[in-house]
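Engineer: Sequence first, then the predicted structure, then my questions.
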Amino acid sequence: MGTVMTVLGPIDSAKLGKTLPHEHIFCDFTCFLLKPQNAAEEAFMEEKVTLANLHAVRSNPYSNRDECVLDDMDTALYEIAEFKKYGGQTITELSLPGCGRDPVRLAEVSRRADIHIICGTGHYIDSTLPDIVYQSTSDQLADLYISEFKNGIGDTGVRPGIIGEIGTSAVITGQEEKVLRAAARAHHDTGMAITIHLDPAARRGHEVLDILVKEEGVAPERIILGHLGFVLAHKDLEPHEAMDHLLSLANRGCYVQFDLCGNTTVYKKEVGSWVLPTDLQRTKAIYKLCSHGFSDRILLSHDQGLKHFLMSYGGWGYSHVLSDFQRYLGEVGVEPHIAKKFSLDNPARVLPFDV
């Protein structure tokens, strides 16, 4: 079907196998940390995550610095070994500059764990943006992303295979729009798909598609809209309204991604706290999307980006989509030959850069 760029070089998409399209192996999401309000909160922020404080960490993930950082090689290798037990072969790792991108260590993981890893190019949400974004035009940023694809990231020799996760906030900022347009222009030159971080508390998917598709000419089937499962738990929407929103996005031809499978955490923030749906809500929504003819546009992942997500800390790990979640899909009526599309056929269709 085409060629996919991994951290160890290009491969045929037929070799991807079962694929997670939105994960983090090494990351730093301290950009989301809440400001401590008292001495006890200041102390808790600097604690290491342990079994003794795990409940408190899960109750408020952005109150603890260690929770927001994944940087241990041995832990990564253990977690990925569990993913491989269920037939997993490829992970798309979407950490970007400002939130812990480390292409050299990703290449090491790929070799040692014997899996394919695809890393991203681009920039994330406004609060993580380096000075180069503020100092550059969209065309100049596009040139940077194109150069990384053609020549490697810095002097690492590691080439990205996807654009993103491109960050957007609850209200898309001017800098984020600049990056979106840069992503579109880099896509036209490289063919790489674009994957989008949609703010979990907002519904900006149509605005993103208007910029990328209507104004920048990106084909919608080359766009992945991430974090859409959150819509199912938006407090201002009834279930049928949330479903109508998902269908309205799928009708535009993009990929609809449920990338927090297994996760039911409530994320506290100063503004716009995030509530997650259950896996039952996710699987029911997936069944309805399939019944409307969109089984070829659904992607599943976990967005591993905090310690308590990992099996090492009592979480669901990288294997949940390939294990329990498959049973949940079957229980709501998604047939196995349809379910296999989400982790096998659909990633192999969207990830090649020479489709």
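Structural biologist: Right, received. Where do you want to start?

Engineer: Run through the stretch 101-250 of the chain and note the low-pLDDT ranges.
Structural biologist: Along the stretch 101-250 of the chain, no part satisfies pLDDT under 70.

Engineer: For this structure, identify the residue most remote from the centre.
Structural biologist: Ala39 (34.0 Å; C-alpha atoms, centre = their mean).

Engineer: pLDDT at that residue, what is it?
Structural biologist: Predicted confidence (pLDDT) for Ala39: 98.

Engineer: One more: Tyr267?
Structural biologist: 78.

Engineer: From Leu289, how far off is it?
Structural biologist: 25 Å (C-beta to C-beta, to the nearest Å). Any C-beta I mention is one placed from the backbone N, CA and C, and that applies to glycine too.

Engineer: ok, how many other residues are close to Ala81?
Structural biologist: By the criterion of other C-beta atoms under 10 Å, Ala81 has 15 neighbours.

Engineer: One more: the one 10 residues further on?
Structural biologist: Ile91 has 28 neighbours, counted by other C-beta under 10 Å.

Engineer: Please tell me I have it right and it contacts Tyr318.
Structural biologist: Yes - under the criterion of C-beta atoms under 8 Å, Ile91 makes contact with Tyr318 at 7.0 Å.

Engineer: between these two, what contacts are shared?
Structural biologist: Shared contacts of Ile91 and Tyr318 (C-beta atoms under 8 Å, 6 or more residues apart in numbering): 20, 23, 80, 83.

Engineer: Quickly name whichever of these is closest to Thr121.
Structural biologist: Glu23 (16.3 Å; C-beta to C-beta).

Engineer: now the helices for the protein?
Structural biologist: 39-45, 54-59, 73-85, 103-113, 131-135, 138-151, 174-190, 205-209, 239-250, 279-291, 324-331, 336-340, 346-350 (DSSP state H).

Engineer: mean confidence score for the last one?
Structural biologist: Helix 346-350 carries an average pLDDT of 98.

Engineer: and if you look at the third one?
Structural biologist: Taken as a whole, helix 73-85 has a mean pLDDT of 98.

Engineer: okay, how far is it across stretch 24-36, tip to tip?
Structural biologist: 26 Å (C-alpha to C-alpha, to the nearest Å).

Engineer: nope, stretch 124-133 is what I was after
Structural biologist: 10 Å.

Engineer: Use 33 as the first number from now on
Structural biologist: Renumbered: residue one is now 33, and that last one reads stretch 156-165.

Engineer: Now it: buried residues?
Structural biologist: 156-158, 160-161, 165 (16 or more other C-beta atoms under 10 Å).

Engineer: what's the closest of those residues to Arg359?
Structural biologist: Nearest to Arg359 among these, with distances taken as C-beta to C-beta, is Tyr156, at 33.5 Å.

Engineer: Quick one: the shared contacts of Ile123 and Tyr350 as JSON lines, columns for neighbour count and distance to Ile228 too.
Structural biologist: What follows is those, written out as JSON lines (neighbours: other C-beta atoms under 10 Å; distance: C-beta to C-beta, whole Å):
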{"residue": "Leu52", "neighbour count": "28", "distance to Ile228": "17"}
{"residue": "Glu55", "neighbour count": "26", "distance to Ile228": "15"}
{"residue": "Ile112", "neighbour count": "23", "distance to Ile228": "25"}
{"residue": "Phe115", "neighbour count": "27", "distance to Ile228": "24"}
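
Engineer: so what's Leu126 up against?
Structural biologist: By C-beta under 8 Å, 6+ apart, the neighbours of Leu126 are 54-56, 151-152, 194, 196-197, 227.

Engineer: Return the distance of it relative to Pro68.
Structural biologist: Distance, Leu126 to Pro68, by C-beta to C-beta: 29 Å.

Engineer: follow-up on the earlier one: now render the helices of the chain as CSV, adding distance to Met343.
Structural biologist: Shown next, in CSV, are those (distance: least, C-beta to C-beta, whole Å):
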stretch, distance to Met343
helix 71-77, 24
helix 86-91, 13
helix 105-117, 6
helix 135-145, 15
helix 163-167, 35
helix 170-183, 32
helix 206-222, 33
helix 237-241, 31
helix 271-282, 29
helix 311-323, 17
helix 356-363, 12
helix 368-372, 22
helix 378-382, 22
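
Engineer: what separates stretch 169-179 from the chain centre, distance-wise?
Structural biologist: Relative to the chain's own centre, stretch 169-179 is displaced by 22 Å; criterion: C-alpha atoms, centre = their mean, to the nearest Å.

Engineer: Check stretch 164-178 too.
Structural biologist: Chain-centre distance of stretch 164-178: 22 Å, with C-alpha atoms, centre = their mean.

Engineer: can you tell me the distance between the two ends of that stretch?
Structural biologist: Stretch 164-178 has an end-to-end distance of 15 Å (criterion: C-alpha to C-alpha).

Engineer: returning to what we had before: which of the shared contacts of Ile123 and Tyr350 sits closest to Ser142?
Structural biologist: Ile112 (9.5 Å).

Engineer: follow-up on the earlier one: report the two of the buried residues of stretch 156-165 separated the most.
Structural biologist: Maximum distance among the buried residues of stretch 156-165 (C-beta to C-beta): 11.1 Å, for Ile157 and Val165.

Engineer: which other residues reach stretch 241-255?
Structural biologist: Contacts of stretch 241-255 (C-beta under 8 Å, 6+ apart): 209, 212-213, 215-217, 219-220, 225-228, 240, 257, 281, 284-287, 329, 382, 387.

Engineer: Figure out the length between the terminal residues of that stretch.
Structural biologist: Stretch 241-255 end-to-end distance (C-alpha to C-alpha) = 8 Å.

Engineer: Weed out the non-buried ones from the contacts of stretch 241-255.
Structural biologist: 209, 212-213, 215-217, 219, 225-228, 240, 257, 281, 284, 286-287, 329, 382.
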